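# This is the structure alone, sequence omitted:
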């Protein structure tokens with residue numbers, strides 16, 4: 001599961017990527033990409049570490065690919081589109097901060113223009129694929145094969161084409177279950193979830209008028225919006241904990257914006273966290289949303305799924321409210337759950353199994 005970080009030149013991508021990784025970037029992989037893993041900054045995980053003081057702390061991680069700068073000439077972005085086909089979520093970093101000493105490739109700062117430009121390129125990329133696919137279907141007409149399936153696919157592609165030409169993303173297209181199977185292997189970029197990250201200045205931190213108009217201008221069920229000041233986050237990263245908290249209070253902020261960003265990215269990937277705890281290790285595990293208990297156990301080891309007996313579940317809020325596991329047990333809040341239990345985000349689980 002991977003996120004692709006893209007944007008025009010001079011919007012702060014490398015700075016944000018370095019901050020997310022918590023270290024200097026890895027070298028390019030030969031395709032113009034830089035790969036890295038970011039820890040999910042989850043306040044619940046930090047609280048569990050405080051309670052158990054384990055010898056080992058293992059937070060959840062998410063994979064990022066920092067992609068090359070978007071070019072003004074669309075034809076020069078082909079390698080970026082190919083790279084985006086391999087990611088699960090697109091993160092578009094958009095410059096909002098005003099800074100005369102930092103040039104903008106388009107000559108001025110205009111986030112609506114930049115978002116529209118990328119969205120249009122993604123839509124065009126999908127339209128070109130539909131065109132090529134329909135040409136192939138036409139060439140194959142009359143050959144041995146499933147003519148009815150080809151006719152259904154052509155009808156679906158025509159509907160998708162009209163949807164895109166109306167300026168919408170395929171993430172908002174009303175696919176049936178059968179139609180989703182028809183196109184599941186195709187590299188449609190506008191079907192992917194998108195996070196629009198607005199890189200703002202310090203004087204824009206508490207401006208409620210930044211994201212809302214943009215979100216209304218570019219509606220979509222798979223769009224997420226978040227504002228981050230890469231400059232401020234970089235300053236925070238250089239401070240000791242006590243000074244960092246004082247700086248946050250001075251800015252009237254509760255937590256660094258990067259904490260919220262990693263959680264937004266995590267959610268966009270369709271993942272949740274459950275925790276295993278103890279004096280040896282506190283660890284966050286990453287199953288898909290709606291995973292049943294045996295499926296979540298498989299994230300730890302396949303033997304736990306194969307020999308699953310039951311899951312002992314503590315709700316995070318119960319542990320925090322009552323203070324420790326013993327009090328949770330005494331209050332009757334240690335839950336015994338079977339194979340049909342749907343794991344919830346934040347669950348603290350001990351799996352019982354036998355192989």
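Thanks, I have the structure now. The model shown is predicted, which means the values in this text are computed figures rather than measured ones.

# so residue 299 touches residue 287, yeah?
Yes. Counting by C-beta atoms under 8 Å, residue 299 touches residue 287, with 5.1 Å between them. All C-beta atoms are positioned from the backbone trio N, CA, C, and that covers glycine.

# If you count surrounding residues, which of these two has more?
More neighbours surround residue 287 than the other of residue 299 and residue 287, with 22 against 16 (other C-beta atoms under 10 Å).

# elements contacting the helix or strand hosting residue 246?
For residue 246, the host element (DSSP states H and E) is helix 241-250. On a contact count with 3 or more C-beta pairs under 8 Å, 6 or more residues apart in numbering; DSSP states H and E, helix 241-250 meets helix 230-237.

# check contacts around the residue sitting nearest the centre point of the chain.
Among the residues of the chain, the one closest to the centroid is residue 265, at 2.8 Å (C-alpha atoms, centre = their mean). By C-beta atoms under 8 Å, 6 or more residues apart in numbering, the contact list for residue 265 reads 3, 38, 62, 89, 91, 195.

# does the fifth one really touch residue 193, like I thought?
Read it as residue 91. No. Here residue 91 does not reach residue 193: they are 9.6 Å apart, not a contact under C-beta under 8 Å.

# out of those two, which sits in the more crowded spot?
Neighbours were counted for residue 91 and for residue 193 using other C-beta under 10 Å; residue 91 has more, 29 against 20.

# Tell me the bridge partners for that one.
Counting by DSSP bridges, residue 91 forms beta bridges with residue 5, residue 195.

# per-domain residue ranges of the chain.
Taking automatic domain parsing as the reference, the chain has its domains at 2-108+191-268, 119-190, 287-353.

# Tell me where the protein is predicted with low confidence.
Applying pLDDT under 70 to the chain picks out residues 23-32, 72-75, 142-145.

# Mind naming the longest helix for it?
helix 111-140 (DSSP state H).

# Give the next helix or strand downstream of that helix.
The helix or strand immediately downstream of helix 111-140 is helix 147-165, counting by DSSP H and E.

# ok, the closest residue to residue 341 other than its chain neighbours to residue 308 distance?
Nearest non-adjacent residue to residue 341, counting by C-beta to C-beta, 6 or more residues apart in numbering: residue 293, 4.4 Å away. Separation of residue 293 from residue 308 (C-beta to C-beta, to the nearest Å): 7 Å.

# just residue 127 next, same as before
Residue 127 sits 46 Å away from residue 308, going by C-beta to C-beta.

# returning to that earlier point: burial count for the residue nearest to residue 341?
Burial of residue 293 is recorded as 25 neighbouring residues (other C-beta under 10 Å).

# looking at it, it is touching residue 343, isn't it?
Yes. Under the criterion of C-beta under 8 Å, residue 293 makes contact with residue 343 at 6.0 Å.

# Please, where are all the helices along the chain?
For the chain, the helices defined by DSSP H occupy 13-21, 43-52, 78-84, 111-140, 147-165, 177-183, 211-217, 230-237, 241-250, 257-268, 293-300, 302-306, 316-322, 325-330.

# how about these in TSV, adding distance to residue 355?
Rendered in TSV, the data for the helices of the chain read as follows (distance: least, C-beta to C-beta, whole Å):
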stretch	distance to residue 355
helix 13-21	38
helix 43-52	27
helix 78-84	41
helix 111-140	46
helix 147-165	43
helix 177-183	35
helix 211-217	49
helix 230-237	45
helix 241-250	44
helix 257-268	31
helix 293-300	12
helix 302-306	5
helix 316-322	29
helix 325-330	26
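
# between those, which one is nearest to residue 278?
Smallest distance to residue 278 across those (C-beta to C-beta): 6.4 Å, for helix 43-52.

# which residues do residue 293 and residue 343 both contact?
The overlap between the contact sets of residue 293 and residue 343 (C-beta under 8 Å, 6+ apart) consists of 311, 349.

# which residues sit in contact with the closest residue to residue 182 other than its chain neighbours?
Closest residue to residue 182 apart from its sequence neighbours, by C-beta to C-beta, 6+ apart: residue 153 at 5.4 Å. Taking C-beta under 8 Å, 6+ apart, we find residue 153 in contact with 133, 137, 182.
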